[in-house]
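Student: here is my input, please return the structure:
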Amino acid sequence: MKKLLGLLMLCAAPAAMAANYGEPMPAGEPVAISAAAADPAVHADAPAKFSGRITQVCQKKGCWVVLEDAGSSARVMAKDHGFEVPKGASGRAVAYGQLQIEPISEEHARHLVEEDGAAPPAERELRIVATAIEILD
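Tutor: Prediction:
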């Protein structure tokens, strides 16, 4: 009886499940955003998985998130606006895409601040043009 009760309790417990957006997430270990920021050229040759904690989300459509790790951050943009994440998304996440170092145009900076509620960006930012995002928790 105790075993049955324990099994029922285990089945009834809410399980933490990842939420996937965009294309299916490829296998493989992600690179921490802090490691990518330390030497972006090493990680910019081909699409890869990158991990961090969500600190901001586009409040207009959910078309980008900012991932942070150990004081470094990268803006993850949905490639071709191909998917959106919930505006209230938070927690750890993994993004799959192409890492870039992008200059910020005056128009893009205004869009980020006025329409999306982002903090004013620097002149350049680390950006991942992603085809998939997985929110882990």
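
Student: distance check, P26 against P86.
Tutor: Separation of P26 from P86 (Cβ to Cβ, to the nearest Å): 22 Å. (Glycine included, C-beta is placed from N, CA and C.)

Student: ignore the last one, I33
Tutor: For I33, the distance to P86 (Cβ to Cβ) stands at 20 Å.

Student: what's the answer for D45, then?
Tutor: Separation of D45 from P86 (Cβ to Cβ): 31 Å.

Student: please enumerate the strands of this structure.
Tutor: Taking DSSP state E as the criterion, the chain carries its strands at 19-22, 31-32, 48-57, 64-69, 72-78, 91-103, 124-135.

Student: among these, which is nearest A38?
Tutor: Closest of those to A38 is strand 72-78, at 7.5 Å (criterion: Cβ to Cβ).

Student: same for the closest one, what does it pack against?
Tutor: Under the contact definition 3 or more Cβ pairs under 8 Å, 6 or more residues apart in numbering; DSSP states H and E, strand 72-78 sits against helix 33-38, strand 48-57, strand 64-69, strand 91-103, strand 124-135.

Student: low-scoring stretches of the protein, by residue?
Tutor: Applying pLDDT under 70 to the chain flags residues 1-17, 112, 115-123.

Student: try 50
Tutor: 1-15 (pLDDT under 50).

Student: give me phi/psi at A89?
Tutor: Note on A89: backbone dihedrals following degrees, to the nearest 10 are phi -60, psi 140.

Student: and the gap between it and P40?
Tutor: Using Cβ to Cβ, A89 is found at 24 Å from P40.

Student: for R53, same thing?
Tutor: Relative to P40, R53 is positioned 19 Å away (Cβ to Cβ).

Student: equivalent analysis for S105, please.
Tutor: From S105 to P40 the distance is 19 Å (Cβ to Cβ).

Student: ok, these two, which is more surrounded?
Tutor: Comparing S105 with P40 by neighbour count (other Cβ atoms under 10 Å), the higher total belongs to P40, at 16 against 9.
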